[in-house]
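Chemist: Compute the structure for the input listed below.
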Amino acid sequence: MEKYATPEDVAITKAWISITLDGVAGVDKKSNQFWERVFDTYVSSFGNKYDRSVHKLQNRFGTLKKDVEKWVGILRNLHRNNASGCGIDDLERKSRLEYSKVSKGKPFGNEEVYRLFKAHVPGFNPEEFDPIQNEEDESEAPSVNASTSSAPTRSNPRWLEEDDPRRPTGKKGSTKGSFRAIGHQ
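Modeler: Numbering: from 1, shown residues only. This is a model prediction of the structure:
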């Protein structure tokens, strides 16, 4: 079995983002239906020359997402504690060193996947609202929900980076705020 290369990781990520951005069918599917659609989108854009299965694609995406979450966490911490005059290049350099420390010497190698997450998936831009911050900061934070989302509403979304679509809120995410509103915390 061939190792995953960056172009394949990017294709997997784009397929996942495309399906999750499909407001009509993306967020309310059962897991197996969702991943079958991701797989079909991946195969139609990248092919399946390495004979990947739905399960293998799902596992690889889980690994990618975990690595990107770790990277974003490090970047977010550095951004939050940023000394004035420290630019984004300095933050990324420091992040690379920190990531290598926490990953047993392994460098962060998913920059392209990170850029896709940062641009299209809420919570992956370290410069945006940090949900861990104090509640008084939340009033200044941009809100992302399905009603204000610019997610495509077509059944077969095309991949267009310049569209800057955002992932719509799913079933579980949309109910979290309603419990707080009625006093269930």
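
Chemist: lowest confidence element among the helices and strands of the protein?
Modeler: helix 135-138 (a mean of 42; mean pLDDT, DSSP states H and E).

Chemist: Under the pLDDT cut-off, which ranges of this structure? List them.
Modeler: Applying pLDDT under 70 to the chain picks out residues 1, 24-29, 129-185.

Chemist: What are the boundaries of the helices in it?
Modeler: 6-21, 31-46, 54-80, 88-102, 111-120, 135-138, 171-181 (DSSP state H).

Chemist: Tell me which of these sits most buried.
Modeler: Among the helices of the chain, helix 6-21 has the highest mean neighbour count (mean count of other C-beta atoms under 10 Å), at a mean of 21. Heads up, the C-betas are built off the backbone N, CA and C, glycines and all.

Chemist: Grab the nearest non-local neighbour of residue 53.
Modeler: residue 39 (7.9 Å; C-beta to C-beta, 6 or more residues apart in numbering).

Chemist: my read: the one you found touches residue 54, true?
Modeler: Yes. Under the criterion of C-beta atoms under 8 Å, residue 39 makes contact with residue 54 at 4.5 Å.

Chemist: before we move on, the earlier item: output the helices of the chain in a markdown table, with distance to residue 128 appended to each entry.
Modeler: A markdown table is the format used below for the helices of the chain (distance: least, C-beta to C-beta, whole Å):
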| stretch | distance to residue 128 |
| --- | --- |
| helix 6-21 | 17 |
| helix 31-46 | 25 |
| helix 54-80 | 9 |
| helix 88-102 | 14 |
| helix 111-120 | 9 |
| helix 135-138 | 12 |
| helix 171-181 | 16 |
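
Chemist: Which one, of those, ends up nearest to residue 127?
Modeler: helix 54-80 (6.2 Å; C-beta to C-beta).

Chemist: isn't residue 79 right up against residue 91?
Modeler: Yes. With contacts counted by C-beta under 8 Å, residue 79 reaches residue 91, the gap being 6.2 Å.

Chemist: Neighbours of residue 4, how many?
Modeler: A count of neighbours around residue 4, defined by other C-beta atoms under 10 Å, yields 17.

Chemist: What of residue 121?
Modeler: Neighbours of residue 121 using other C-beta under 10 Å come to 21.
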